[in-house]
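> Prediction below, plus the sequence it came from.
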Amino acid sequence: MSPWIRSVRNDARLRLLCLPHAGGGTQDYRTWQEHFPATIDVCPVVLAGRETRMSEPADTDLVALADRMVTDLKPLLREAPVALYGHSMGAWIAFEFARALRRQRMRAPVHVFIGARRAPNLPDTRPPLFQLPDPQLVDAIQERYAAIPQQLLDQPAILRMFLPTMRADFTLLDTYAYHEEDPLDCPITAFRGSQDAVVQATGISAWRHHTAQGFQVRPIPGGHFFLRDSPDLLCDAILGGLRAHL
């Protein structure tokens, strides 16, 4: 089995690859299969630097990461069509993964679902985080995203183990240079938390420029991590976008 995906259902008609937010792993997606029929195989993607791949350095180049994922997953990608969901950092990875599929002449995703991330062609108006010293990096992540669990903040020795991956993830985001390419030949649905103070509605609506097919913006109750606040509603919306492919 590929290190990127722990297990797959060989009889699935469609695979939904799920990509994590910065500093995150597969935990947010572990119960998602319960919301989907057996014909859809929910596949949380394990990135380097976390979980079963803790011994590997986390990636800092988004485009190179996407290209390598496609290369490594080609046998799996040829077995069944795929859809993509990416949350926050994972949204940009999903986008570049879809473009890497096209560069490597692979089948396009049937749908790309974007969560909690502005369109990649828009500049970030906030200062970068990746070069901050460790204490300031932790403070800045908490101030901007409130992404680090309190139990981890209460255990500094364990937190230090995760900091290299967090820094690598923000290096990946802060140094990403968007390059113009043709719009994707698949629909995009972009989700935004109704109380998200990080991502503005204009940043979500700008995703319409990246598809030559259908586009929707879907509000979901919750903040930046609405996938935890409203998992049922999010999964139902994704399933609705995939029914035509089952």
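On my side now, so go ahead. Numbering: from 1, shown residues only.

> tell me which element the spatially most central residue of the chain falls in.
In the chain, the C-alpha nearest the mean C-alpha coordinate belongs to Gly90, at 1.8 Å (C-alpha atoms, centre = their mean). Secondary structure assignment for Gly90, by DSSP states H and E: helix 89-103.

> and the next element down the chain from that helix?
As the chain continues past helix 89-103, the following element, by DSSP H and E, is strand 112-115.

> Tell me the gap between that following strand and the middle of its chain.
8 Å (C-alpha atoms, centre = their mean, to the nearest Å).

> Kindly report the same for stretch 43-58.
Per C-alpha atoms, centre = their mean, the centroid offset for stretch 43-58 relative to its chain is 14 Å.

> Tell me how many other residues surround Leu246.
11 (other C-beta atoms under 10 Å). In short, each C-beta sits where N, CA and C put it, glycine included.

> For Arg126, see how far away it is.
Counting by C-beta to C-beta, to the nearest Å, the separation of Leu246 from Arg126 is 40 Å.

> likewise Tyr176?
Relative to Arg126, Tyr176 is positioned 14 Å away (C-beta to C-beta).

> Looking only at neighbour counts, state which of the two leads.
A direct count of neighbours by other C-beta under 10 Å for Tyr176 and Arg126 places Tyr176 higher, at 18 against 10.

> Give me the three-state assignment for the residue of the chain most remote from its centre.
Distance from the centre of the chain peaks at Ala157, with 27.5 Å (C-alpha atoms, centre = their mean). Secondary structure assignment for Ala157 (DSSP: H, G, I helix; E, B strand; the rest coil): helix.

> And stretch 115-126, what's buried?
The neighbour-count check on stretch 115-126 (16 or more other C-beta atoms under 10 Å) flags 115-120 as buried.

> okay, how far is it across it, tip to tip?
19 Å (C-alpha to C-alpha, to the nearest Å).

> Show me where the chain has its helices.
For the chain, the helices defined by DSSP state H cover 62-79, 89-103, 134-145, 150-153, 156-174, 201-205, 226-229, 231-242.
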